[in-house]
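Engineer: Return a 3D structure for these sequence lines:
(one chain, ligands or ions: 2)
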Amino acid sequence: MLIIGLTGSIATGKSTVSSILSSPPYSLPIIDADLLARKVVEPGTAGYKAIVNYFGPNTPDLLLDDPATDTPQGQPLNRPALGRRVFGDTDDRKRDRQVLNGIIHPAIRWEVYKALIYHYLRGQWAVVLDVPLLFEAGMDLICGTVIVVGVHDPAVQMARLRARDSHLTAEDAENRVRSQGDIRAKAAQAEFRGTTTNRGVVVWNDSDKTELERAVKGAMASISASSPWWWAWTLLIAPPIGFGVAAWTLLVNFATQKGWEKKKREEKARL
Ligand SMILES: CC(C)(COP(=O)(O)OP(=O)(O)OC[C@H]1O[C@@H](n2cnc3c(N)ncnc32)[C@H](O)[C@@H]1O)[C@@H](O)C(=O)NCCC(=O)NCCS
Ligand SMILES: Nc1ncnc2c1ncn2[C@@H]1O[C@H](COP(=O)(O)OP(=O)(O)OP(=O)(O)O)[C@@H](O)[C@H]1O
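Structural biologist: Ligands and ions are numbered 1, 2, ... in the order given. Okay, here's the model as predicted:
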């Protein structure tokens, strides 16, 4: 089964690409990290308790004060309030973001592995792993292909973000955009994996949605040509081959990650 990592920056169009890929003619299953990130912090979970313990004492509006949303396990998190604590580029925000990531990411990873096993056993030829922080969380390691969805103009990205999330102030939106790495760096990292082998694909989403659909169609034509459905069935029917291929993918991705880190270090040293 081919694992297609789908990433980008905030509001660059990952979910839009996800919904294209989940519809015909592709009809691929989607594992959405943003949804899992919500599931693992529902009232009563270990993630919820850790967040309330750490952020509760100095975030008075951390929990929703609305009887309609209360659960027997407690009041749900007030996500915009938590967002204001962790998005931004001051040292405090960065530290708090690291703490939140440390609580949520291991739980998301576990949910992702369970979902991957489920789709593998169902004989899917490919599955889409929609993870905004795919590279940052090191999840590119398990992907056969990584698609980065990017927008060249930050003003377009900001306008789409504010049109979609109208509850965010201009400052909240700025802080969210600044909390993510530069999209050009993510695109370069995908290209470094190898565009000719389809291990890394960049889809630019600067124009309208019809243009985006066309770009996705082009990308999927070459990805599916290099990983046909009968290959997924071979991997399922012959588990030793499946495990061998998975181990090989991990090894190649690990070497690529190390190569990328070395390149970044050398570039930094030259400055
Ligand atoms: C801070 C939270 C509560 C804000 O929730 P809210 O509903 O307002 O936003 P939502 O979850 O829809 O996120 C919107 C976008 O923000 C970006 N984003 C989310 N978390 C992070 C993060 N830790 N660092 C950088 N960008 C992030 C992503 O592009 C995401 O798609 C929430 O984003 C969260 O729990 N983040 C930590 C978990 C995480 O890293 N999620 C991303 C999946 S890997
Ligand atoms: N090509 C496009 N033209 C116009 N609007 C677009 C285009 N692509 C996406 N959008 C809109 O921009 C907004 C952000 O897109 P989307 O939700 O897909 O981004 P995302 O990368 O998944 O965001 P997030 O990181 O916040 O989850 C949505 O309202 C979407 O409908």
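
Engineer: mind listing what Asn198 touches?
Structural biologist: Remark: with contacts taken as C-beta atoms under 8 Å, 6 or more residues apart in numbering, Asn198 is in contact with 145, 222-223, 226-227. Just so you know, the C-beta spots here come from the backbone N, C-alpha and C atoms, and that holds for glycine as well.

Engineer: give me phi/psi at it?
Structural biologist: Backbone torsions for Asn198, taken as degrees, to the nearest 10, come to phi 70, psi 20.

Engineer: Enumerate the positions of the helix or strand containing Tyr54 that are buried.
Structural biologist: Assignment of secondary structure by DSSP states H and E places Tyr54 within helix 46-55. For helix 46-55, the neighbour count (16 or more other C-beta atoms under 10 Å) marks 47-52, 54-55 as buried.

Engineer: try stretch 170-185
Structural biologist: Buried residues in stretch 170-185, counted by 16+ other C-beta under 10 Å: 172-177, 179-180, 183.

Engineer: Then stretch 61-71?
Structural biologist: Of the residues in stretch 61-71, those buried under the neighbour-count criterion (16+ other C-beta under 10 Å) are 62-64.

Engineer: Please enumerate the helices of this structure.
Structural biologist: Chain-ordered helices for the chain, with DSSP state H as the definition, fall at 14-22, 33-39, 46-55, 79-86, 91-121, 154-164, 170-178, 183-194, 209-226, 229-237, 239-270.

Engineer: Please state the offset of the shortest one from the chain centre?
Structural biologist: For helix 33-39, the distance from its own C-alpha centre to the chain's C-alpha centre is 10 Å (C-alpha atoms, centre = their mean, to the nearest Å).

Engineer: Please enumerate residues in contact with the helix or strand of the chain with the lowest mean pLDDT?
Structural biologist: Of all the helices and strands that make up the chain, the one with the lowest confidence by mean pLDDT, DSSP states H and E is helix 229-237; it has a mean of 80. By C-beta under 8 Å, 6+ apart, the list of residues contacting helix 229-237 from outside reads 1-2, 120-121, 123-126, 241-242, 245.

Engineer: returning to that earlier point: so which of the buried residues of helix 46-55 would you say is closest to Val201?
Structural biologist: The closest of the buried residues of helix 46-55 to Val201 turns out to be Gly47 (C-beta to C-beta; 32.0 Å).

Engineer: didn't that closest one look like it was pressed against Leu36?
Structural biologist: No: the pair Gly47 and Leu36 does not pass the contact test of C-beta atoms under 8 Å, sitting 10.5 Å apart.

Engineer: joint contacts of these two?
Structural biologist: Taking C-beta under 8 Å, 6+ apart as the contact rule, Gly47 and Leu36 both touch Ala107.

Engineer: about what we covered before: ranking the contacts of Asn198 by neighbours, who comes first?
Structural biologist: Taking other C-beta atoms under 10 Å to define a neighbour, the member of the contacts of Asn198 with the most is Thr145, carrying 25 neighbours.

Engineer: OK, contacts around Leu36?
Structural biologist: By C-beta under 8 Å, 6+ apart, the residues touching Leu36 are 107-108, 111-112.

Engineer: Show me which of the buried residues of helix 46-55 is closest to Ala155.
Structural biologist: Nearest to Ala155 out of the buried residues of helix 46-55 is Phe55 (C-beta to C-beta; 32.1 Å).

Engineer: and the closest residue to that closest one other than its chain neighbours, backbone torsions?
Structural biologist: Nearest-residue entry for Phe55: Leu62, 5.4 Å, with adjacent residues in sequence omitted and distances by C-beta to C-beta, 6 or more residues apart in numbering. Geometry field for Leu62 lists phi and psi as phi -60, psi -30, criterion degrees, to the nearest 10.
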